[in-house]
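J.: Following is a predicted model, sequence given first.
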Amino acid sequence: MNKVAEFWKNMTLATRITYARLALIPFIIFFYLGGIYFDSYFFMDFGKLIALILFVIAAATDALDGYIARSRDMVTDHGKLIDPIMDKLLTLAGLLLVFFDPYLSEMMPLWAGILVLFTILGRDYIVSAIRNIYATRGIAMAADQTAKVKSAVLFIAIGLFMGYAAWADVTATTRNNVGTFYDGWIYSAWFLMLSAAVLSVISLVVYINKLISPAPTDDIAEQDIETKEGEEE
């Protein structure tokens, strides 16, 4: 227990915020699933709404920890390592929740959800493998701009899906009596989700090109200096 306390004490503020993102994930899952399966008026009405609020807070910490790390000179190798992992876990939880939500499944084909899920997550794991290859060479590969945009778009898309489901629970709205505005809401969420999938493929091509291109080690090492905590693939 003392080792855990010492580990936490020696951790930078930015890294603590990153771990806070991990701590929020179980609560997001609990409240969202509670809104689906718990026979309770509180969970049926507000479970998904609470999960949405927690998801927004967790997504915001992705930018916050990076900002603090850069502004206060708190960038650490440990932070660079765990930040992408926490983002992947948050993304995975969000995608699984919205794609397998019985209410949302009425308005999205399962095959499309699975295709997007495998495209985004498959890209993440391939990029992680490429990063590990460079790590064995003593080189930390910086995230490219396309990857950063992809992450932001994906978080917004998941938030829109969760927000739509939460709104339906709070207002007791069924799929049969939604209006044009709310149809546009779900179409916008789908557009952003598909955009994130396309950006994932583009970003993967960029990383693979870096892997197979005979780039000078010194040039890649210079990119490493620009690597900051909070940058997601």
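T.: Structure's in. What do you need?

J.: quick one: the residue most central in space within the chain and Asp124, what's the gap?
T.: With distances taken as C-alpha atoms, centre = their mean, Thr91 lies nearest the centre of the chain, 3.3 Å away. Relative to Asp124, Thr91 is positioned 8 Å away (C-beta to C-beta, to the nearest Å). Placement of C-beta: from N, CA and C, glycine included.

J.: before we move on, what about Asp169?
T.: Taking C-beta to C-beta, one finds Asp169 at 30 Å from Asp124.

J.: Which of those two has more residues huddled nearby?
T.: Asp124 (23 against 18; other C-beta atoms under 10 Å).

J.: which non-adjacent residue is nearest the more buried one?
T.: If the residues on either side of it in the chain are set aside, Asp124 comes closest to Lys88, at 5.5 Å by C-beta to C-beta, 6 or more residues apart in numbering.

J.: residue contacts, the one you found?
T.: Leu121, Asp124, Ser128 (C-beta atoms under 8 Å, 6 or more residues apart in numbering).

J.: cool, Ala165 as well?
T.: Contacts of Ala165 by C-beta under 8 Å, 6+ apart are Gly35, Lys48, Val98, Asp101, Tyr103, Leu104.

J.: pretty sure the second one is touching Leu33, no?
T.: No. Counting by C-beta atoms under 8 Å, Lys48 stays clear of Leu33, with 9.4 Å between them.

J.: between these two, who's got more neighbours?
T.: Higher neighbour count among Lys48 and Leu33: Lys48, with 29 against 17, using other C-beta under 10 Å.

J.: do you know how far that one is from Ala168?
T.: In terms of C-beta to C-beta, Lys48 sits 8 Å off from Ala168.

J.: now swap in Leu92 and tell me
T.: 23 Å.

J.: Can you point out the buried residues in the top helix by length along the chain?
T.: Ordering each helix of the chain by length in residues (DSSP state H) puts helix 180-212 first. For helix 180-212, a neighbour-count test (16 or more other C-beta atoms under 10 Å) marks 182, 185-186, 189-190, 192-197, 199-200, 203-204, 207, 210-211 as buried.

J.: just stretch 39-47 next, same as before
T.: For stretch 39-47, by 16+ other C-beta under 10 Å, it's Phe43, Met44, Phe46, Gly47.

J.: Ok, stretch 60-70 next?
T.: For stretch 60-70, by 16+ other C-beta under 10 Å, it's Thr61, Asp62, Leu64, Asp65, Gly66, Ile68, Ala69.

J.: how far is it from where the chain is centred?
T.: 14 Å (C-alpha atoms, centre = their mean, to the nearest Å).
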